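**Student:** Need a 3D model of the following:
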Amino acid sequence: MSVDPMAYETQFFGFTPQTCMLRVYIAFQDYLFEVMLVVEGVMLKKLDGIPGCKISPSQIRKCTEKFLVFMKEHFDKLFAKMEEVLLQLVLNIPKNVLLPEDKVHEQYPYSKEEFQALQDELQQLQQQCKVEAAAGQALRAELEEQKPVRAELEKILKCFDDLENICREHGAVNFKESFALLRQNSKKLQDVLKDIEEKSKKMKQHDQLM
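**Tutor:** Numbers count the residues shown, from 1 in each chain. Okay, the predicted model is just below:
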C-alpha cells in the first residue's frame, strides 16, 4: 500500500486513493473467499455422489484452505501491480494540473516566504484584535464602576443649582458671593453651637456643685 498522502487527489476525489484501493482489495478478497466456499460445496456434492469415495469433508476443507493460501499469495502480487498502475495513471493528478478552486493561486502566486509573512501578519492582527477586545471590555467595566460616582456628582451639581437658586431668591446674584455668604452663616452657626455647648457645660457643673 502506497504511503504517499496524495493530498491533492484527496481534495479532488473527496477520498484518499489509498482508501479506494483498500476497499477494492477487501472486496476482491471477500469475493475470493466466497468462491472458494462455493467450490468446496460443489466438490462435496460431487464426491458424495460417487460410490465408495473415501475422501472426507475435512480433507476437502484442508485442500480448500491450501488452495486459498496459494490463490491469495498470487492475488496479492497481482493486486500490488494493479495498485501501482491505478495510483499512477488513474487516481493521480499530474503536477501541471490545477484544480478550479485553486485558480486563485495561479493569479496571485506567493512564495513560501511571502505566505509565512502573511501568516505572521495575520497572527499579529489577531493578537491586536484580542488586545482591543480586552481593552474595550475593561473600559466598559470601568464605565459601569463610574456610574455610581456619576450619580453622586449629579446630586452634588443639583445641590449647587438649588443653592444658587436659593441665594438668588435672597438677593445674592453672584454664586461666589453666595458661597461666601453661606460660609459666614455657617461660621455664625458654629459659633452659636459652641456657645450653647459651653453654657451647657457650665450649667452641668453648677448642678453638680449644688
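**Student:** Low-confidence ranges, this protein, go.
**Tutor:** Residues of the chain meeting the criterion pLDDT under 70: 1-5, 105-106, 108, 110, 160, 163-164, 167-183, 185-190, 192-193, 195-210.
**Student:** now the helices: where do they sit in it?
**Tutor:** 7-13, 17-48, 57-89, 103-107, 112-169, 175-209 (DSSP state H).
**Student:** which one of those lies closest to residue 95?
**Tutor:** helix 7-13 (9.2 Å; CB to CB). All C-beta spots, glycine's among them, are computed from the backbone N, C-alpha and C.
**Student:** possible to save the helices of the chain as JSON lines with distance to residue 97 and mean neighbour count?
**Tutor:** As requested, these are exported to JSON lines (distance: least, CB to CB, whole Å; neighbours: other CB atoms under 10 Å):
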{"stretch": "helix 7-13", "distance to residue 97": "9", "mean neighbour count": "14"}
{"stretch": "helix 17-48", "distance to residue 97": "15", "mean neighbour count": "13"}
{"stretch": "helix 57-89", "distance to residue 97": "14", "mean neighbour count": "13"}
{"stretch": "helix 103-107", "distance to residue 97": "11", "mean neighbour count": "9"}
{"stretch": "helix 112-169", "distance to residue 97": "21", "mean neighbour count": "10"}
{"stretch": "helix 175-209", "distance to residue 97": "86", "mean neighbour count": "11"}
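**Student:** Would you reformat these as CSV and include distance to residue 96?
**Tutor:** CSV is the format used below for those (distance: least, CB to CB, whole Å):
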stretch, distance to residue 96
helix 7-13, 12
helix 17-48, 19
helix 57-89, 15
helix 103-107, 11
helix 112-169, 20
helix 175-209, 87
